[in-house]
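*Asks:* no sequence for this one, just the structure:
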């Protein structure tokens, strides 16, 4: 076990890996319940709420819209408010938002609950705070730590679990189960430590005790005007939109190709399960190749799987393609956090990620309902698939050739809370 020097001499077990483990649980429950499980419920929502495929898919869009609007605020709050308090509020809000759909038959109330409760709650306790905490604890090996924290076991488990609860107890019970699972996360926050100096330790790779100290970060204007930030935001937005389309539409696509709901949910689970390899793999590549080149590898590697979706019509082939795509898609968040720290400096990760999510709104908010609308208009998913393949080619080329300027800090202190 790694040890960490403490003030006054001596050593103590390094607590950073415990933070990685806690963040692993928080991220997996948050993504699994709010995103992956929702994909398994779209058909039931469409039928139970008497609505269209586009509106039934809209819950995730409301969540991402809310997350985009809230993220800059959260990034700013994290510099002034203890993270554990923010995260506790977020968990309670998320749980409340999941309970609301069990009490209504209106699709618009469901969408409002995802916009006003689930989205803000998710933003307050999941990706941005967890990435910031890991950045605080790791100066070196940040890609590896983020890769481990983002291994998406929840994306593999939750769709199957949601389908089982849906079949056994109905849609309302499925939403309530998600709310209860969220509340069960609260005790974990008691074990969370925002920054290493709060435990009388220093960040992994920090040479001096003050390497991890809170320092002034870039201003909002400086971040927004930074070309590395702009390039990274464009890449993450486009690739994340494709991932959301997979989460919300792959069950519907599989059922259109002749699969039943349990088999189609298994395809979605395979997509999530592939992240068991994807998240640590791309964390490793980020540490070895740099974030930009790792993103290029990811974008180009997505293309064969998406091409296969044009013709696949059996469970084995659809499952194989979902795994291929999932290995790459589940590395996006890992590369996002690692590359943001590499290009802008670790202390700016929280604020920069918040601003990035705001700018992603047109992509993340629009992608799932656009795919649903294109399906309603054309009777299939071919147009959506070709659109995303073209975007992956463009992003792969951009990331392959772009390099941040010499003014970008690549060995900054860890992100401040």
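*Replies:* Noted; the coordinates are in hand. What you are looking at is a predicted structure, and each value in this text was computed from that prediction instead of being measured.

*Asks:* does residue 355 touch residue 221 like I think?
*Replies:* No. Contact between residue 355 and residue 221 fails when scored by C-beta atoms under 8 Å: they sit 10.4 Å apart. For the C-beta atoms, the positions are set from N, CA and C on the backbone; glycine is no exception.

*Asks:* do you know how far residue 183 is from residue 25?
*Replies:* With distances defined as C-beta to C-beta, to the nearest Å, the gap from residue 183 to residue 25 amounts to 14 Å.

*Asks:* repeat that for residue 320.
*Replies:* Distance, residue 320 to residue 25, by C-beta to C-beta: 29 Å.

*Asks:* now do residue 362
*Replies:* Taken as C-beta to C-beta, the span from residue 362 to residue 25 is 32 Å.

*Asks:* the more surrounded of the two?
*Replies:* residue 25 (16 against 12; other C-beta atoms under 10 Å).

*Asks:* where's the nearest residue to that one once chain neighbours are set aside relative to residue 24, distance?
*Replies:* Of all residues not flanking residue 25 in the chain, residue 188 sits nearest, at 6.2 Å (C-beta to C-beta, 6 or more residues apart in numbering). According to C-beta to C-beta, residue 188 and residue 24 sit 10 Å apart.

*Asks:* higher neighbour count, these two?
*Replies:* residue 24 (20 against 17).

*Asks:* quick one: the more buried one from residue 151, how far?
*Replies:* 7 Å.

*Asks:* before we move on, what about residue 77?
*Replies:* Distance from residue 77 to residue 151, by C-beta to C-beta: 27 Å.

*Asks:* is residue 122 in contact with residue 30, as I believe?
*Replies:* Yes. Contact criterion C-beta under 8 Å: residue 122 and residue 30 qualify, at 5.7 Å.

*Asks:* coming back round to it: what residues does the residue nearest to residue 25 make contact with?
*Replies:* 22, 25-26 (C-beta atoms under 8 Å, 6 or more residues apart in numbering).

*Asks:* could you dump those to TSV with secondary structure and pLDDT?
*Replies:* Formatted as TSV, the contacts of residue 188 follow (DSSP: H, G, I helix; E, B strand; the rest coil; pLDDT from 0 to 100):
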residue	secondary structure	pLDDT
22	helix	97
25	helix	97
26	helix	97
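
*Asks:* how about low-confidence regions in the protein?
*Replies:* Within the chain, the ranges that satisfy pLDDT under 70 run 1-11, 207-216, 405-417.

*Asks:* can you tell me which residue sits nearest the middle of it?
*Replies:* With distances taken as C-alpha atoms, centre = their mean, the residue of the chain nearest its centroid is residue 333 (5.3 Å).

*Asks:* secondary structure element for that residue?
*Replies:* Using DSSP states H and E, residue 333 sits within helix 332-344.

*Asks:* what's the angle between the helix or strand following that helix and helix 332-344?
*Replies:* As assigned by DSSP H and E, the chain's next helix or strand after helix 332-344 is helix 349-359. Angle, helix 349-359 to helix 332-344, by axes from the mean of the first three to the mean of the last three C-alpha atoms, to 10 degrees: 120 degrees.

*Asks:* can you offset everything so residue one is 193?
*Replies:* All right, first residue 193 from here; so that's helix 541-551.

*Asks:* following element in sequence after helix 541-551, please.
*Replies:* On the C-terminal side of helix 541-551, the closest following helix or strand by DSSP H and E is helix 553-570.

*Asks:* counting by contacts, list what that following helix packs against.
*Replies:* Counting contacts by 3 or more C-beta pairs under 8 Å, 6 or more residues apart in numbering; DSSP states H and E, the secondary-structure elements packed against helix 553-570 are helix 245-248, helix 250-269, helix 419-448, helix 574-593.

*Asks:* centre of the chain to it, how far?
*Replies:* 19 Å (C-alpha atoms, centre = their mean, to the nearest Å).

*Asks:* that one vs helix 574-593, what angle?
*Replies:* Going by the same axes, to 10 degrees, helix 553-570 makes 150 degrees with helix 574-593.

*Asks:* buried stuff in helix 553-570?
*Replies:* Buried residues in helix 553-570, counted by 16 or more other C-beta atoms under 10 Å: 553, 555-567.

*Asks:* got it, and stretch 490-509?
*Replies:* Buried, per 16+ other C-beta under 10 Å, within stretch 490-509: 490-495, 497-498, 500-501, 504, 507.

*Asks:* just those residues now: which is nearest residue 445?
*Replies:* Set against residue 445, the nearest of the buried residues of stretch 490-509 by C-beta to C-beta is residue 501 (7.0 Å).

*Asks:* for the closest one, which non-adjacent residue is spatially closest?
*Replies:* Using C-beta to C-beta, 6+ apart and skipping the chain neighbours, the partner closest in space to residue 501 is residue 577 (5.4 Å).

*Asks:* these two touch, right, the one you found and residue 502?
*Replies:* Yes. With contact defined as C-beta under 8 Å, residue 577 and residue 502 form a contacting pair (5.7 Å).

*Asks:* what residues does residue 352 make contact with?
*Replies:* Residue 352 touches 232, 457-458, 461, counting by C-beta under 8 Å, 6+ apart.

*Asks:* got those as a markdown table, with neighbour count and distance to residue 348 columns?
*Replies:* Formatted as a markdown table, these follow (neighbours: other C-beta atoms under 10 Å; distance: C-beta to C-beta, whole Å):
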| residue | neighbour count | distance to residue 348 |
| --- | --- | --- |
| 232 | 27 | 12 |
| 457 | 28 | 11 |
| 458 | 23 | 10 |
| 461 | 23 | 5 |
